[in-house]
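Build the 3D model from these lines:
(one chain, ligands or ions: 1)
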Amino acid sequence: MEYWSNGVVGSEIRSQHAITPTPQFPEEENVKVDLDHRLKYLAVATLAATCMLPISPASAQSQKARVGLMLPYTGTYAQLGTAITNGFKLAVAERGGKLGGRELEYFTVDDEAEPAKAPENTNKLVQRDKVDVLVGTVHSGVQMGMVKIAKENNTLLIIPNAGLDAATGALCSPNIFRTSFSNWQPSYPMGKVLADRGIKNVVSLAWKYGAGEEAVAGFTEGFIKAGGKSVRGLWIPFPNVEFQALLTEIASIKPDAVFVFFAGGGAAKFIKDYNAAGLRKTIPLFGSGFLTDGVLDATEEPAQGLETTLHYADGLNSKRDREFRTAYSKAYTYAPDVYAVQGYDTALLLSAGLDAVKGDISKRKELIAAMEKAKIDSPRGAWTMSKAHNPIQDIYLRKVVGRENKFVNIAHKALADPARGCKL
Ligand code: PHB
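Numbers count the residues shown, from 1 in each chain. Down below sits the predicted model:
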């Protein structure tokens, strides 16, 4: 598997990333926060020195919990990183700016979805900023680097997107949790959806890196198991969007259907190119829901009618989801997508842990136990953690109508990733 690719240097964002305006609550400023933190530290240190007393756990807890956000804020996955950050901060704001009674201090690094820079970027947060918890990331190749460092340092890591199967599979660990999905998870049910429609021969097309390979593997497993005949794989390097030659090849193969994994800016371009090549009329297009989530403002007509499977949908019509969508749209002036939900749920999971230890993040055992048994009251529908620390969740079939991925039905109820190789 190709998790690693050459890349340019990831850039670090020391001041708060310029996310859309949040009229509901003030944005934190690292500069100010750092200053506050230093002043508080000075005061505590002076007092301790004066009294010749050790700093008590209570005063340690009066300090802010240090949260390292490592996400892509530039490149093809930039929007995804921003939506995750927005969702996380919305949940924190709804709790008065505190989780488990602790205020948060954010340290932010733009990982640019560049696997080659993952170790250096992760170490900025772990070694230099000494964060209490790492939140990241989006790209499975970058995630591989983060997982390795989090394991080596026993840093608490919550994955708010990247599906890297091994993170909650062969590399699973007590200190690593995921609030999103495994790459296998949303693609596997699409296999049965297509097989049940009598589709026999499929061409898959995806970016050639961990996420694309694992999504296609999950789809293929579900498809063959449900009676499909063949899946022929076509690949394009990440994050290339020059699809023309591949579209010509698909036209000449003439499969019954096409299944793809693309996301973010690349997904928007693919939808338009597939349509412009005239293939929509002759060869139906399907994918995991990343194809159409967060891109519908940019795609409009060419996306209409596309069917995908994912753990979130528009029009779920639950009270929880309606409240979340109203709050998110008010705070950020546009509608949430799956990435916003995942960021939101990341803060809910951390909140469950910190509540249980009243903000004392050093009580690692109790914190992890609380996170393991948390039932997350998510906008996507309530979900629980598998033994391997991955959500057990419903996967929805959705269809693009206007600018929404409309709920069609539940493609697979309470689906757990097989967690192959996990020994937790
Ligand atoms: C991944 O690399 O795991 C990944 C990236 C973007 C998505 C989904 C998965 O939308």
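
quick one: contacts for residue 159?
136, 137, 143, 146, 167, 176, 177, 178, 179, 180 (Cβ atoms under 8 Å, 6 or more residues apart in numbering). (C-beta placed from N, C-alpha, C; glycine too.)

so of these, which ones are in helices?
143, 146 (DSSP state H).

out of the contacts of residue 159, who's near the ligand?
When Cβ under 6 Å from any ligand atom is applied, no member of those is adjacent to the ligand.

Of the contacts of residue 159, which belong to strands?
The members of the contacts of residue 159 that map onto strands under DSSP state E are 176, 177, 178.

Identify, from the contacts of residue 159, the entry nearest to the ligand.
Distance to the ligand across the contacts of residue 159 (Cβ to the nearest ligand atom) is lowest for residue 143, with 6.6 Å.

Check the closest one and give its pLDDT.
According to the prediction, residue 143 has pLDDT 98.

helix/strand/coil for the residue nearest to it when sequence neighbours are not counted?
The shortest distance from residue 143 to any non-neighbouring residue, by Cβ to Cβ, 6 or more residues apart in numbering, is to residue 162 (3.7 Å). Following DSSP: H, G, I helix; E, B strand; the rest coil, the label given to residue 162 is coil.

what bits of the stretch 1-150 of the chain have low per-residue confidence?
For the stretch 1-150 of the chain, the stretches flagged by pLDDT under 70 are 1-62.

Which residue ranges of it form strands?
Shown for the stretch 1-150 of the chain, the strands assigned by DSSP state E, counting those that start in this stretch span residues 12-13, 65-71, 98-99, 102-110, 133-135.

pLDDT and neighbour count for the ones in strands among the contacts of residue 159 - can I get that in TSV?
Converted to TSV, the ones in strands among the contacts of residue 159 look like this (pLDDT from 0 to 100; neighbours: other Cβ atoms under 10 Å):
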residue	pLDDT	neighbour count
176	98	24
177	99	28
178	99	28
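
nearest to residue 118, of the residues you listed?
residue 176 (14.8 Å; Cβ to Cβ).

Okay, that closest one and residue 420: tell me how far apart.
16 Å (Cβ to Cβ, to the nearest Å).

and if you look at residue 149?
Counting by Cβ to Cβ, the gap from residue 149 to residue 420 is 23 Å.

again with residue 189
18 Å.

So for these two, which residue has more residues nearby?
Using other Cβ atoms under 10 Å as the criterion, residue 189 and residue 420 rank with residue 189 on top: 24 against 13.

Helix, strand or coil: sort out the more buried one for me.
Once three-state DSSP is applied, residue 189 turns out helix.

Let me see the contact set for residue 67.
Taking Cβ under 8 Å, 6+ apart, we find residue 67 in contact with 104, 105, 106, 107, 131, 132, 133, 135, 350.

I'd like the residues you listed as CSV, with distance to residue 209 and neighbour count appended.
Formatted as CSV, the contacts of residue 67 follow (distance: Cβ to Cβ, whole Å; neighbours: other Cβ atoms under 10 Å):
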residue, distance to residue 209, neighbour count
104, 32, 22
105, 33, 20
106, 28, 24
107, 27, 22
131, 26, 22
132, 30, 20
133, 26, 25
135, 22, 26
350, 28, 29
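
Those residues: which two are farthest apart?
Going by Cβ to Cβ, the pair spanning the contacts of residue 67 furthest: 107 and 350, at 14.9 Å.

how about the residues of the stretch 1-150 of the chain near the ligand?
Within reach of the ligand by Cβ under 6 Å from any ligand atom, the stretch 1-150 of the chain has these residues: 77, 138, 139, 140.

Of these - the most surrounded one?
Counting neighbours by other Cβ under 10 Å, the top entry in these is residue 139, with 37 neighbours.

quick one: it and residue 81, what's the gap?
Relative to residue 81, and taking Cβ to Cβ, residue 139 is found at 10 Å.

And for residue 75?
Computed with Cβ to Cβ, the distance linking residue 75 and residue 81 is 9 Å.

And those two? Which one has more around it.
Neighbours were counted for residue 75 and for residue 81 using other Cβ under 10 Å; residue 81 has more, 32 against 23.

what about the helices in the protein?
Using DSSP H, the helices found in the chain span residues 30-51, 57-62, 78-94, 118-123, 140-153, 184-196, 210-225, 244-253, 264-276, 296-299, 319-332, 338-356, 364-373.

May I have the fifth one as PDB, with CA atoms only?
The C-alpha coordinates for helix 140-153 follow below in PDB (Å, rounded to 0.1, in the frame of the first residue of the first chain):
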ATOM      1  CA  SER A 140      -5.100   8.200   5.600                       C
ATOM      2  CA  GLY A 141      -1.400   8.500   4.600                       C
ATOM      3  CA  VAL A 142      -0.900  11.400   7.000                       C
ATOM      4  CA  GLN A 143      -2.800   9.400   9.600                       C
ATOM      5  CA  MET A 144      -0.300   6.600   9.400                       C
ATOM      6  CA  GLY A 145       2.400   8.900  10.600                       C
ATOM      7  CA  MET A 146       0.300  10.400  13.400                       C
ATOM      8  CA  VAL A 147      -0.800   6.900  14.600                       C
ATOM      9  CA  LYS A 148       2.900   5.800  14.800                       C
ATOM     10  CA  ILE A 149       3.900   8.800  16.900                       C
ATOM     11  CA  ALA A 150       0.800   8.700  19.100                       C
ATOM     12  CA  LYS A 151       1.600   5.100  19.900                       C
ATOM     13  CA  GLU A 152       5.300   5.700  20.600                       C
ATOM     14  CA  ASN A 153       4.500   8.600  22.900                       C
END
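
Next, the angle strand 65-71 makes with it.
Helix 140-153 runs at 150 degrees relative to strand 65-71, counting by axes from the mean of the first three to the mean of the last three Cα atoms, to 10 degrees.

which other helices and strands contact helix 140-153?
Judged by 3 or more Cβ pairs under 8 Å, 6 or more residues apart in numbering; DSSP states H and E, helix 140-153 is in contact with helix 118-123, strand 156-159, strand 176-178, helix 210-225.
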